[in-house]
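**Student:** Show me the folded form of this:
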Amino acid sequence: MKILVAARFQFPWEDGVLIYNEMVRKDIEVDIVDADNTSEIIKKLSLYHYDWLFITGSRTQSADFFRYVSEINKVFLWDNDSIDYQDRRKIWEQLVSFPQIIVLTTLYTANELIKMGGNAHWFPHFYDEHYYSSQNERLDLSKPIYDVCFIGNAYGSQKRIDWCNILQSKYKVIFRGNIPGICNNSVFAKDMVDLYKQSKIAIDIKREQGFYGTIETSDRFFRAIGSGVFYLTYEIPGMKEFLDNQDCCDFYPDTIESLCEKIDFYLENEKERERIALSGQQYILQNHSLKIRVKQYLELMKNYDNSIV
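**Tutor:** Predicted coordinates for the structure are as follows:
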């Protein structure tokens, strides 16, 4: 099987690049091209034979582009946005019938595209043990240790800004990302994992906007737990069942008071906190690694090919 991966190159941690790297490790015959450069994608398809064009993200390509490339090559489209985020529903309505296979990291979006007649599949996000590899020990006493860590952005979310301000007044915290008035420096790869390893608790804060439904979670969920930090996130319907009721993290009702109560409890109960952190890390690596996820993507493509022989 020969695959052309069209990945966005905007950031070093773009999912398409990580997926491409894992395909290389699996000895798949694979090339990579900038997903935002549609003319280069078409040029590649005209010069070489590929079994699949694997596109990560549909933000910058038009429906006409998907119509055209799906006529000359089988298209596997991978996307991680909610259908109700900004104008995504309108975009999906235009292109859903063109890719031969669509994979979404949000269950709600996959279900909506299936209703539209798309060959859509849901696979949650993943943890890339290669890109995020770190040799640092958990809570190394020779380095600063933080009570609470939040790595993310607060674009358009006053709630995240307000909560971060409250948290830094109560705890020893480390924030990274774009949080106006608090910090504007991001971390990636090993540097991100090292911060998680030096934090007793990592948190997520629910935005005001966006769809939050059954088993919906961001890639932060997998990055944090896979890194080995104890993770505390807002209550998400269906997540405990999704995690096979394993002790992988804990959830709090969506109030700052409830979050602080949980933080206080787990700061006082170190053994329980670290037991859950280790259990969660082992579960994510065994069930939701990038290695496993790419294997599932490849199986989808092979099954599709076998069904049309």
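**Student:** Could you use CA atoms for every contact and neighbour count after this?
**Tutor:** OK.
**Student:** Please enumerate the helices of this structure.
**Tutor:** For the chain, applying DSSP state H gives helices covering 15-25, 38-47, 63-72, 88-95, 107-115, 158-170, 189-197, 219-227, 239-242, 256-268, 270-287, 290-307.
**Student:** Next one, pLDDT for G213 please.
**Tutor:** pLDDT for G213: 61.
**Student:** Including mean pLDDT and mean neighbour count, could the helices of the chain go into JSON lines?
**Tutor:** Converted to JSON lines, the helices of the chain look like this (pLDDT from 0 to 100; neighbours: other C-alpha atoms under 10 Å):
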{"stretch": "helix 15-25", "mean pLDDT": "96", "mean neighbour count": "19"}
{"stretch": "helix 38-47", "mean pLDDT": "95", "mean neighbour count": "14"}
{"stretch": "helix 63-72", "mean pLDDT": "95", "mean neighbour count": "15"}
{"stretch": "helix 88-95", "mean pLDDT": "92", "mean neighbour count": "15"}
{"stretch": "helix 107-115", "mean pLDDT": "93", "mean neighbour count": "19"}
{"stretch": "helix 158-170", "mean pLDDT": "97", "mean neighbour count": "16"}
{"stretch": "helix 189-197", "mean pLDDT": "95", "mean neighbour count": "22"}
{"stretch": "helix 219-227", "mean pLDDT": "94", "mean neighbour count": "24"}
{"stretch": "helix 239-242", "mean pLDDT": "90", "mean neighbour count": "13"}
{"stretch": "helix 256-268", "mean pLDDT": "98", "mean neighbour count": "16"}
{"stretch": "helix 270-287", "mean pLDDT": "97", "mean neighbour count": "18"}
{"stretch": "helix 290-307", "mean pLDDT": "96", "mean neighbour count": "15"}
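**Student:** closest to F54 out of those?
**Tutor:** Smallest distance to F54 across those (C-alpha to C-alpha): 8.8 Å, for helix 15-25.
**Student:** what residues does the closest one touch?
**Tutor:** Here helix 15-25 makes contact (C-alpha atoms under 8 Å, 6 or more residues apart in numbering) with 5-9, 29-30, 32, 55-56, 128, 131, 290-291, 294.
**Student:** thinking again about what came up before, could the helices of the chain be laid out in a markdown table, adding distance to I151?
**Tutor:** Shown next, in a markdown table, are the helices of the chain (distance: least, C-alpha to C-alpha, whole Å):
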| stretch | distance to I151 |
| --- | --- |
| helix 15-25 | 17 |
| helix 38-47 | 32 |
| helix 63-72 | 34 |
| helix 88-95 | 25 |
| helix 107-115 | 24 |
| helix 158-170 | 11 |
| helix 189-197 | 8 |
| helix 219-227 | 8 |
| helix 239-242 | 21 |
| helix 256-268 | 16 |
| helix 270-287 | 17 |
| helix 290-307 | 20 |
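**Student:** Quick one: which of the contacts of helix 15-25 has the lowest pLDDT value?
**Tutor:** F9 (87).
**Student:** Need phi/psi at that one.
**Tutor:** The phi and psi values for F9, taken as degrees, to the nearest 10, are phi -100, psi 20.
**Student:** wait, what's in contact with it?
**Tutor:** Neighbour list for F9: 17, 34-35 [criterion: C-alpha under 8 Å, 6+ apart].
**Student:** Pick the one among those residues closest to F123.
**Tutor:** Among the contacts of F9, V17 lies closest to F123 (C-alpha to C-alpha), at 17.6 Å.
**Student:** With adjacent residues omitted, what lies nearest to the most centrally placed residue in the chain?
**Tutor:** Centroid-nearest residue in the chain: D219, 2.5 Å away (criterion: C-alpha atoms, centre = their mean). Spatial nearest neighbour of D219, chain neighbours left out: H125 (5.6 Å); criterion: C-alpha to C-alpha, 6 or more residues apart in numbering.
**Student:** one step back: out of the helices of the chain, which comes closest to G177?
**Tutor:** Among the helices of the chain, helix 189-197 comes nearest to G177, with 10.5 Å by C-alpha to C-alpha.
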